[in-house]
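K.L.:
All I have is the shape, not the residue letters:
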């Protein structure tokens, strides 16, 4: 591919998500309880307030931040323990590009869905 040929969309998306990754999951030090209000640059329409105490709300928050958040947003709004706990289900709710990038970078993210089946 030369400089005039655009990169395939998949490659562009993978690069975008890869550039946002923390160096280590432990850098994700966001809240583990309470309510989170996401800023406009992450959620520009619709719901912006999420309850970490409600599993569906927390899952939606994590999905949104993974898709739209910048590196500093990931650290501020996600928590490493909650991400790992939710990952077996969350990995099926995010885009395949997000899933590939995160699982490629962090082997500690489980790939087994609840109940022991491979997701």
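P.N.:
Right, received. Where do you want to start? In this text the structure is predicted, and so the values were computed from the model without any measurement.
K.L.:
All the strands of this protein, in order from the start?
P.N.:
Ranges of strands in the chain, per DSSP state E, are 35-37, 49-51.
K.L.:
As CSV, the ones you listed with mean neighbour count and mean pLDDT would be great.
P.N.:
Glycine gets a C-beta too; all of them are placed from N, C-alpha and C. Converted to CSV, the strands of the chain look like this (neighbours: other Cβ atoms under 10 Å; pLDDT from 0 to 100):
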stretch, mean neighbour count, mean pLDDT
strand 35-37, 14, 97
strand 49-51, 16, 97
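K.L.:
Ok, which of those strands comes nearest residue 105?
P.N.:
Closest of these to residue 105 is strand 35-37, at 23.6 Å (criterion: Cβ to Cβ).
K.L.:
top helix in the chain by residue count?
P.N.:
helix 55-68 (DSSP state H).
K.L.:
Who are the packing partners of that one?
P.N.:
Other helices and strands packing on helix 55-68, by 3 or more Cβ pairs under 8 Å, 6 or more residues apart in numbering; DSSP states H and E, are strand 49-51, helix 71-77, helix 80-90, helix 96-105.
K.L.:
Pipe these into a markdown table and attach distance to residue 12 per row.
P.N.:
Converted to a markdown table, these look like this (distance: least, Cβ to Cβ, whole Å):
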| stretch | distance to residue 12 |
| --- | --- |
| strand 49-51 | 28 |
| helix 71-77 | 17 |
| helix 80-90 | 23 |
| helix 96-105 | 9 |
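K.L.:
Select, out of these, the one closest to residue 15.
P.N.:
helix 96-105 (8.9 Å).
K.L.:
Show me what that closest one is packed up against.
P.N.:
By 3+ Cβ pairs under 8 Å, 6+ apart, helix 96-105 packs against helix 9-20, helix 55-68.
K.L.:
Just list what the shortest one packs against, helices and strands only.
P.N.:
With contacts defined as 3+ Cβ pairs under 8 Å, 6+ apart, helix 9-20 has these neighbours: helix 71-77, helix 96-105.
K.L.:
Taking helix 55-68 as reference, get the angle to the worst-scoring helix or strand of the chain on mean pLDDT.
P.N.:
Least confident helix or strand, the chain: helix 9-20 with a mean of 91, by mean pLDDT, DSSP states H and E. Angle of helix 9-20 versus helix 55-68, following axes from the mean of the first three to the mean of the last three Cα atoms, to 10 degrees, is 100 degrees.
K.L.:
Fine by me, thanks again.
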